[in-house]
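*Asks:* Next comes the sequence, and after it the predicted model I'd like to discuss.
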Amino acid sequence: MNLGAFSVSLSVKDLEASKSFYEKLGFSVFGGNAEQNWLIVKNGDHIIGLFQGMFENNILTFNPGWDQDAKTLESFTDVRDLQRALKAQGIKIVAEADESTSGPASLVIVDPDGNQILVDQHV
């Protein structure tokens, strides 16, 4: 099952303090909008999303259709196909992608320890 690009989305208390901390670890701003309280930082293939006031817990994030540079892949598994495969394996979908649509959509599942996993397709 190819889930696409991977990142960790962190719920941070102070966006600027978190940005500064991760820059000291070699990360640089790759995307986002500080005025909207979110930034994406990158170090090599490692991506971390910093989100202030947007959600309560940290989230594992996969982006079908993107590589680690957020470039659109020529071929990928659509989030709706991933959703059907997950359901077939008995995995409960907490927030479902609308299977009557195409293009951007997302789904959320939760692992046995309560960690949220977001599969967020932008293409």
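*Replies:* Structure's in. What do you need? Residues are numbered from 1 along each chain as shown.
*Asks:* Now do the same for the residue positioned nearest the centre of the chain: helix, strand or coil?
*Replies:* Nearest to the mean C-alpha position of the chain, by CA atoms, centre = their mean, lies Thr61 at 2.7 Å. Following DSSP: H, G, I helix; E, B strand; the rest coil, Thr61 is assigned to strand.
*Asks:* Give me the distance between it and Ala85.
*Replies:* As judged by CB to CB, to the nearest Å, Thr61 and Ala85 stand 18 Å apart. The C-beta positions use only the backbone N, C-alpha and C, and glycine is treated the same way.
*Asks:* thinking again about what came up before, could you give the bridge partners of the residue nearest to the centre of the chain?
*Replies:* With DSSP bridges as the criterion, Thr61 is bridged to Ser7, Leu118.
*Asks:* Would you mind confirming that it makes contact with Leu118?
*Replies:* Yes: between Thr61 and Leu118 there is a contact under CB atoms under 8 Å: 4.8 Å.
*Asks:* how about the helices of this structure, start to end?
*Replies:* Per DSSP state H, the chain carries helices over the ranges 15-24, 79-88.
*Asks:* joint contacts of Thr61 and Leu118?
*Replies:* Residues touching both Thr61 and Leu118 (CB atoms under 8 Å, 6 or more residues apart in numbering) are Ser9.
*Asks:* And the strands in the protein?
*Replies:* With DSSP state E as the criterion, the chain has strands at 5-12, 28-33, 38-43, 46-52, 59-63, 105-110, 116-121.
*Asks:* Now tabulate those strands in JSON lines and tack on distance to Phe76.
*Replies:* As requested, those are exported to JSON lines (distance: least, CB to CB, whole Å):
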{"stretch": "strand 5-12", "distance to Phe76": "10"}
{"stretch": "strand 28-33", "distance to Phe76": "19"}
{"stretch": "strand 38-43", "distance to Phe76": "19"}
{"stretch": "strand 46-52", "distance to Phe76": "17"}
{"stretch": "strand 59-63", "distance to Phe76": "9"}
{"stretch": "strand 105-110", "distance to Phe76": "13"}
{"stretch": "strand 116-121", "distance to Phe76": "8"}
